[in-house]
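> Model the structure of this input:
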Amino acid sequence: MKTLLIKLTILSSLVIAILGCTNDEELKDTRVTAVKMLYEPADAKSVVLQSSASASLYFEWEPAKAEDSGMVLYEVAFDKEGGDFSAPVYRMASDNNGAYNHATITHKLLNKIAGMAGIESSATGKIIWTVFSSKGINDLQAEESRTLEITRLAGFADIPVDVYVTGDASEGGTDLSKATMMKSVANGEFDVYTKLEAGKSYHFTDAKVGTPRQFYVENGLLKEGDKNSTVEKTGVYRIHLDFNLGSTVYTEITDFQLFFCPTNSFLFSMDYVGDGTFKATNQPITFKQESWGRDERYKFKMTTLTSTGDTVDEWWGTPNTDSRPTASSPASYYYLYPVNDSQWDGKFKFASEMDMALVDVTAYFRAEEPYTHSVVKVGDQ
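As a prediction, this is how the structure comes out:
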């Protein structure tokens, strides 16, 4: 028994010694030096950010050393001017997942970082940067930091997926759940056809629930913040927002008419009834008798007023129509596309039953579906 106790004691001592050595070795292996010098970019370098996807800025620093002579990992950290990096606004691994002593950072990301540091779109401000070295734990801050002066892009680095119009001047009023959705027409670009009331406030959001991000227009520029916009004239507008450039275009819609190709004339105007919709009701349609048959071709003209006071006509029709629609025609038959102002190009055709009938014609410019229209014979609703 005594011999057994002695053997167990010796074994326990060996296990403790081995574990102790292992822990010491692990701690030793995690030790690295702090980066002593930063190389690029130079201190106080001024950078005017560019919108090109390939635009970038190169960062480089003196390599740190690991006690085990192994690989060191690096992170570049950014903070507000006057900060101490205890809570940096942004940290990111260097090139090759943190293995290289340099980093190539896109202007797009720098624009986002500058925004996080409180620099507004299109404005110039300063941020500071440094490097942390580690073996994955116990990172060390570099012995120096540098200042970077950045002129931000007018656009946004973090572009919303969805955009809505809300506020007292908007169709949905101040009830956020009734905000009008904008249509995504290109990457970072959104359109909406909507009515705004003069003298009342409105703004844009990226959601219809909770506490969404807010955007407003100031001197034609799109900005983020808890502010509102107004229009001087009550009217129906097409609003175009480009988050890539931070730009806005407001176009007033002053008329929307049905153009009858056979007579080269406009049959009637369509009233704006809300939710991106123009409508005319109880309108007589009579096809034009030609030697070869009865002509039923039509399209639409939207009359607009630009912010500079110029009147511009926009034509909407289809590049595809060759025959009259029937009850089995696909929904795409009625989709609206920009077309030219020719009397005959880009025309639709009325269904046969619309000849010498009263009809309701509705055009839809909504976010949730392709721009389209319908023609319904009165009494068939």
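> Which strands and helices lie in contact with the helix or strand where Arg91 lies?
According to DSSP states H and E, Arg91 maps onto strand 90-93. When contacts are defined as 3 or more Cβ pairs under 8 Å, 6 or more residues apart in numbering; DSSP states H and E, strand 90-93 packs onto strand 73-80, strand 102-106, helix 107-116. All C-beta spots, glycine's among them, are computed from the backbone N, C-alpha and C.
> Now with 6 Å, please.
strand 73-80 (3 or more Cβ pairs under 6 Å, 6 or more residues apart in numbering; DSSP states H and E).
> distance between the strand it packs on and the chain's centre?
Chain-centre distance of strand 73-80: 27 Å, with Cα atoms, centre = their mean, to the nearest Å.
> Just checking: what are the partner strands of that strand?
In the sheet, strand 73-80 lines up against strand 90-93 (antiparallel), strand 124-134 (antiparallel) (DSSP bridges).
> Pull out the buried positions in the shortest one.
In other words, strand 90-93. Tyr90 (16 or more other Cβ atoms under 10 Å).
> Just the CA coordinates for it, please, in PDB.
Taking Å, rounded to 0.1, in the frame of the first residue of the first chain, the C-alpha atoms of strand 90-93 are listed here in PDB:
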ATOM      1  CA  TYR A  90     -13.600  49.900 -36.900                       C
ATOM      2  CA  ARG A  91     -11.000  47.000 -36.900                       C
ATOM      3  CA  MET A  92     -10.100  44.800 -39.800                       C
ATOM      4  CA  ALA A  93      -7.600  42.100 -40.600                       C
END
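> Need the mean per-residue confidence for that strand.
If you average the pLDDT over strand 90-93, you get 98.
> Need the residues that contact it.
Outside of strand 90-93, the residues that reach it under the criterion Cβ atoms under 6 Å, 6 or more residues apart in numbering are Glu75, Val76, Ala77, Phe78, Ile113, Met116.
> what sits against Leu358?
Taking Cβ under 6 Å, 6+ apart, one finds Asn282, Pro284, Val378 in contact with Leu358.
> If we use 10 Å, what do you get?
Applying Cβ atoms under 10 Å, 6 or more residues apart in numbering, we find Leu358 in contact with Thr281, Asn282, Gln283, Pro284, Ile285, Lys377, Val378, Gly379.
> beta partners of it?
Under the criterion used (DSSP bridges), Leu358 bridges to Pro284.
> hmm, back to that, distance to Tyr335 for the strands paired with strand 73-80 - can I get that in a markdown table?
Output for these, formatted as a markdown table (distance: least, Cβ to Cβ, whole Å):
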| stretch | distance to Tyr335 |
| --- | --- |
| strand 90-93 | 44 |
| strand 124-134 | 46 |
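> Which of these has the highest mean neighbour count?
strand 124-134 (a mean of 21; mean count of other Cβ atoms under 10 Å).
> for that strand, the distance to its chain's centre please.
On Cα atoms, centre = their mean, the centre of strand 124-134 falls 27 Å from that of its chain.
> Same question for stretch 307-321.
So, by Cα atoms, centre = their mean, the centroid of stretch 307-321 is 26 Å from its chain's centroid.
> ok, back up a step: can you redo the contacts of strand 90-93 as TSV with distance to Met92, pLDDT and neighbour count?
Converted to TSV, these look like this (distance: Cβ to Cβ, whole Å; pLDDT from 0 to 100; neighbours: other Cβ atoms under 10 Å):
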residue	distance to Met92	pLDDT	neighbour count
Glu75	6	98	17
Val76	6	98	24
Ala77	8	98	20
Phe78	8	98	24
Ile113	9	94	24
Met116	12	92	17
